[in-house]
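1. sequence first, then the predicted structure, then my questions.
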Amino acid sequence: MRGLCFFILALFSLSSTGQDAKKEIQKYQQMIAEGSPVELYELEGETLWKKPQGPNNVSLEKCDLGMGPGVLKGAYARLPRYFKDAERVMDLETRLLYCMETLQGRTHKEATQRVFGNDDRASEMEYLSAYIAAASRGVKMAPGMSHPKEKEAFALGQKLFFHRAGPWDFSCASCHGEEGKRIRMQDLPVLFKPEAARPVVATWPAYRVSNSQFKTMQWRLNDCYRQMRMPEPVFASEATNALNMFLTATGKGEPYRGPGTKR
Amino acid sequence: MAGPMKMRATLAGGNTDVRVLMTHPMTTAQSGQPLHFIQTITVKLNGKPVVEAEVSQAVSRNPVFSFRLKGGAKGDKIEVSWLDNKGESNSIEGAVA
C-alpha cells in the first residue's frame, strides 16, 4: 500500500515537473519578447524601403504589395495572394523580389545574391520583411484564398507538407505532425491544425535570440528542408510559395502580432 | 556607421522609465574577432547627466537597457548615448511621454 502511494506521488510530481517546465519556458519567452531588437530591424527596413537602388535608381516605395502601390498598412496580413501582373501566387519576399526586378531594374541574380543574412548583417529581404510585416500589427491574417491559383497553391502546399522524401524519408509532418513534441525549448506545432498554426502565422517573420538574427518565412522553409536533408529549395519558388500559402491559410484569422521574438 | 537606436521614456508613478534599444555587434574576446563592444552609456535628463554606465563584453548583441529615473515630467528631454572601444558612438533623443 505504501509502495503504491509512493508510486502515485512520484507520478504526480513527474507530471507537475512537466507543467513547470512548460510554464518556465513561457516565462522565458515572455522575457525575451520584452525589449526585443525587432524594432531596430524595422527601422533599418524603412531606410531600405525608401532608398533608391538598382539601374533605375528608384526606391521600393511604389511597390504594390497587393493593396495598391506603396500601401503597407495591412498588406502583409493579406499575403500570400495571387498577383495579376505576375500571374502567380506570391508571398512577401517573392513580391519584394518582383518589385526589385520590375521597379528597380535589378537582375534576378543580383537581387537573390544574399537573401539570407548572418549574425553580422541581416539581408535586405530580412530588414524589409521586418518593416513591412510590422505595418500589419493588429490586422487579422487573411491570405488570398478565392482565386483558382490561390487554391491551387494551397493544395500543392498541402501535398508538399506531407510529401516524404530525401535520404531520411522525412516530410514536414514528420516533425510537425504529432501533438506535444518539442526540440529542446521549442514546441513543435502541428502545423496542419489551425489552432497550432495560428500563433506561428501571427508571429513570423521573427527575431531569433539565440543567434541574434532576424529570420523570414522563406528562410524558415529553406532551413526546414536543410534539416530534412533535402536539396535546397529555390528562393521564392512555386514550391516555397505553395507551402507558405498552405501554412498561412491554415493559420489564418489571428491578428498579426509580429515580428516575433523566438528562443 | 552605427545602426539605429530606439527609445521609449514613459512616466510611471512619479518615476520615468527609460527603455532603449541599441544596434551593436558586441563582439567578445571569445569570438576570435577583434573586440568591439560598448564601453559607456550616458543618460541625460534635460542636458544633465543622470546615468553613467560602464558596460563590459558580457552584454548581448543589440542590447536593450532600461533605467528608472526619479522624477521627470511630460516633455522632459532624455538623451541616451553610447561609446564603444573603437571610439564609435551614437545617441538618441526623445521626450518623456
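-> That came in fine, so what should we check first? All of these numbers come straight from a predicted model, not from anything done at the bench.

2. contacts, neighbours, all on C-alpha from now
-> Fine.

3. now B:S91: closest residue in space that isn't a chain neighbour?
-> Counting by Cα to Cα, 6 or more residues apart in numbering or on different chains, B:S91 lies nearest to B:S81, which is 4.0 Å off, once chain neighbours are set aside.

4. what sits against residue 73?
-> Unless you meant another one, I'm taking chain A. By Cα atoms under 8 Å, 6 or more residues apart in numbering or on different chains, the residues touching A:K73 are A:135-136.

5. was after chain B, sorry
-> By Cα under 8 Å, 6+ apart, the neighbours of B:A73 are B:11, B:16, B:96.

6. is the residue nearest to B:S91 in a bridge, and if so with what?
-> On the basis of DSSP bridges, B:S81 is bridged to B:T42, B:S91.

7. give me the neighbour count for it.
-> B:S81 has 18 neighbouring residues, counting by other Cα atoms under 10 Å in any protein chain shown.

8. so how far is chain A from it?
-> 16 Å (Cα to the nearest Cα, to the nearest Å).

9. B:G32 too?
-> For B:G32 relative to chain A (Cα to the nearest Cα), the value is 14 Å.

10. do you know how far that residue is from B:Q57?
-> Distance of B:G32 to B:Q57, given as Cα to Cα, to the nearest Å: 13 Å.

11. neighbour count winner among these two?
-> Using other Cα under 10 Å as the criterion, B:G32 and B:Q57 rank with B:Q57 on top: 16 against 8.

12. surely the more buried one is in contact with B:T27?
-> Yes. With contact defined as Cα atoms under 8 Å, B:Q57 reaches B:T27; the gap is 7.2 Å.

13. how is chain A divided into domains?
-> A:1-35, A:36-255 (automatic domain parsing).

14. which one of these lies closest to B:H36?
-> In terms of Cα to Cα, the element of these nearest to B:H36 is domain A:36-255, at 12.2 Å.

15. pLDDT on the closest one, on average?
-> Mean pLDDT, domain A:36-255: 93.

16. so how far is the first residue of it from its last?
-> Distance between the two ends of domain A:36-255: 19 Å, counting by Cα to Cα.

17. give the contact list for A:G180.
-> Counting by Cα under 8 Å, 6+ apart, A:G180 makes contact with A:187-189.

18. hmm, 10 Å instead?
-> Applying Cα atoms under 10 Å, 6 or more residues apart in numbering or on different chains, we find A:G180 in contact with A:187-190.

19. please apply the same query to A:G117.
-> When contacts are counted by Cα under 10 Å, 6+ apart, A:G117 touches A:123-127, A:213-215, A:219.

20. so the residue positioned nearest the centre of chain A versus A:K84, what's the distance?
-> For chain A, the residue nearest the mean C-alpha position is A:M217 (2.9 Å; Cα atoms, centre = their mean). To A:K84, A:M217 is 23 Å away according to Cα to Cα.

21. got it, and B:S56?
-> 54 Å.

22. who's more crowded, these two?
-> B:S56 (14 against 9).

23. now the residue of the stretch 51-200 of chain A found nearest chain B. Its backbone dihedrals?
-> Residue nearest to chain B within the stretch 51-200 of chain A: A:D120 (7.0 Å; Cα to the nearest Cα). Phi and psi for A:D120, reported as degrees, to the nearest 10, are phi -80, psi -40.

24. how many neighbours does it have?
-> When neighbours are counted by other Cα under 10 Å, A:D120 registers 12.

25. any low-confidence regions in chain B?
-> B:1 (pLDDT under 70).
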